[in-house]
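Trainee: how would this look folded up:
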Amino acid sequence: MGEGKLKELRRYFSLLRGNLLIIIVTWAFIEFARGATSTYYSKYVVGLGAPEMVPGLLQALYTSVYAIVAIIGGYVADRYGRKNIIAFFTFFVAFSYLLYATAPAWQWLIIAEITLALTSIYIPALQAMIADSIPPEKRGKGYSLTYLITYLAAAPSALVAGMLVAQHGIVQGVRITFFIASTCAIIAAILRTLFLKETLQDKDKKTTRGLREFLKDTLPSYKYAVKSMKKSLVWLITAYIIFTFSFAACSKYWILYTVDEMGITDEQWAIISFASSITYPLAIFPAGFIVDKIGRKKSWILSRILFAAATIIYLLTPKITTIKISLPTSILTLQKYHILITDFVIFALALGILGVAVSALQADLIPRELRGRTMAAISLLTSFLAIVPGNIYGGYTYQYLSKTTPFITLLILNIISLTIIILKVKEPKIKEK
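Mentor: Residues are numbered from 1 along each chain as shown. Next up is the predicted model:
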C-alpha cells in the first residue's frame, strides 16, 4: 500500500474520537443485542403460539408507537439537547428486553413491543448527534466508519443466537438472547452517561407548562421543519417510503419463508444471517469513499440495481435443487443453501451502500438547527406511510394470499423507487453543515 493510501486511511480513522467514538462503541453493544434477538424472533413469536401474520402485526405496533414518540424525541433533541435523552432512555432499553425474555405467551410481547418503542424516544437525538459530530465534507466517510465498526462488532450475534437455539431450542434459546441483550444495553447506557458531550450549545432551556402549551409550541415547529424541506429531499423521502413499504412487508418473513418453505435448517439460517451481517459493515467501508467520490445519487442507483437482482434470485431459489457449474478441473455443485448465502450477501451489499448514501444526502439537505425535527418528521412519515402498512400487508398476504407476494411486491416497488431517484432527486451544490 502506497504512502498516499496510508495517509488517506489515517485521515479516515481520525474521525474516530470524541462523541463519535462513544456512539460507535455503545451502538455496537445495542446492535449486537438487536442482532442476537432478531435472528429467530419471528419463529419465537410463532413458537409461543401466534399465527403467522402476528410477527408483522407486532412490528406494525412497535413502529406506530415509535413514530409518535419520535415526534417528541426530535423536539426535545432540538430544544433541550442530545446527551441526556440518549443516556437516560438507553437504560430503559435494557428493561424492555427483560419483558421479551420472560413473556409466557405471545400476547405478552405486545407489552414488550410498546415498552421498547417508548424507550426509542432517544433515536432522533442520537441521529442528530451523529450528524453534528461529522464535518460536512467527510459525511460519507464518517457515516461509513460509524456503520462499519458498529455492525462489524455486532456481526457474530447471529452465530451466538444460532448456537443457543441449537442447544436449547427456539423458545428457550431466544429467551437467553434477550437476557444477553439486556446486559449489553446496560453497558451502553453507562458509557453514554459518563462520556457523551452535548453538541447543541444553543438549546432552549425553557420548560413546557402542560400538554396544551407543549403542542402549541411543537406542532408549528414541525410544520416549519416540513415546509423547509427542499424539493430533492421531498422526492428522496417519497422514493424511500415506497421502497421501505415493500421492505417492511418482507422484514419478518425472510426466516419463515427461507426455513419453512425452502427447507433451510435453523443452523443454516444462522450462518446465512452471519454472512449477511458481516457483509453489511464490510460493504459500508468502501461505500463511504464511493458515496463521496461518485455522489449520493449514483450510489443510491447502484444499490437499487443490486437489490433488484438479489430479489429475483431469491424468488427463483425455491425452484432450484442444484446447479452444476463446470470448471477446468472439477464440477462445482451449488445447492439452495449456497445460493442463499450468496444472495443475502448481495442484499447486504446493496443495503450498505444505500444506508451511507441516504444518511449523507439527508445531512446535506437538512440545516443543523432543524435536523432533529426534520429527521423525526421523516421517521414519522416513513413509519405511518410505509413501515406500518407494509408490516400489515406483508403479514396478511403471507398468511392468506401467497408466501411469495411480499417478495414480489419488494421487486416491483424497488424498481419504482429507483425510477423516482433517477428522474427527480438532485444533489445540492452547497451542502448543509
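
Trainee: could you say which helix or strand contains the most centrally placed residue in the chain?
Mentor: With distances taken as C-alpha atoms, centre = their mean, the residue of the chain nearest its centroid is Gly355 (8.4 Å). Assigned by DSSP states H and E, Gly355 belongs to helix 336-365.

Trainee: for that helix, the distance to its chain's centre please.
Mentor: From the chain centre to the centre of helix 336-365 is a distance of 11 Å (C-alpha atoms, centre = their mean, to the nearest Å).

Trainee: mind checking pLDDT for the residue lying closest to Gln127 once chain neighbours are set aside?
Mentor: Nearest non-adjacent residue to Gln127, counting by C-beta to C-beta, 6 or more residues apart in numbering: Met375, 5.2 Å away. Placement of C-beta: from N, CA and C, glycine included. Model confidence at Met375, given as pLDDT, is 73.

Trainee: How about the one 5 residues further on?
Mentor: Note on Leu380: pLDDT of 75.

Trainee: now Ile130
Mentor: Value listed for Ile130 in the pLDDT field: 86.

Trainee: for it, helix, strand, or coil?
Mentor: helix (DSSP: H, G, I helix; E, B strand; the rest coil).

Trainee: Give me the buried stretch members for the helix holding Gly355, please.
Mentor: With burial defined by 16 or more other C-beta atoms under 10 Å, the residues of helix 336-365 counted as buried are 336-337, 339-341, 343-365.

Trainee: Which strands and helices lie in contact with it?
Mentor: helix 139-154, helix 231-251, helix 266-294, helix 296-316, helix 371-382 (3 or more C-beta pairs under 8 Å, 6 or more residues apart in numbering; DSSP states H and E).

Trainee: Please repeat the previous calculation with a cut-off of 6 Å.
Mentor: With contacts taken as 3 or more C-beta pairs under 6 Å, 6 or more residues apart in numbering; DSSP states H and E, helix 336-365 sits against helix 139-154, helix 266-294, helix 296-316.

Trainee: ok so, going back, count the residues that sit near the residue nearest to Gln127.
Mentor: 26 (other C-beta atoms under 10 Å).

Trainee: which secondary element of this structure has the worst mean pLDDT?
Mentor: When each helix and strand of the chain is scored by mean pLDDT, DSSP states H and E, helix 211-227 comes last, with a mean of 59.

Trainee: For the stretch 101-250 of the chain, which residues score under the pLDDT cut-off?
Mentor: 140, 201-230 (pLDDT under 70).

Trainee: Mind doing that once more with 80?
Mentor: 135-145, 147-148, 151, 199-233 (pLDDT under 80).

Trainee: quick one on the thing from earlier: mind pulling up the pLDDT for the residue nearest to the centre of the chain?
Mentor: 81.

Trainee: now it: how far from Pro281?
Mentor: Going from Gly355 to Pro281 by C-beta to C-beta, to the nearest Å gives 10 Å.

Trainee: Perfect, I'm done here.
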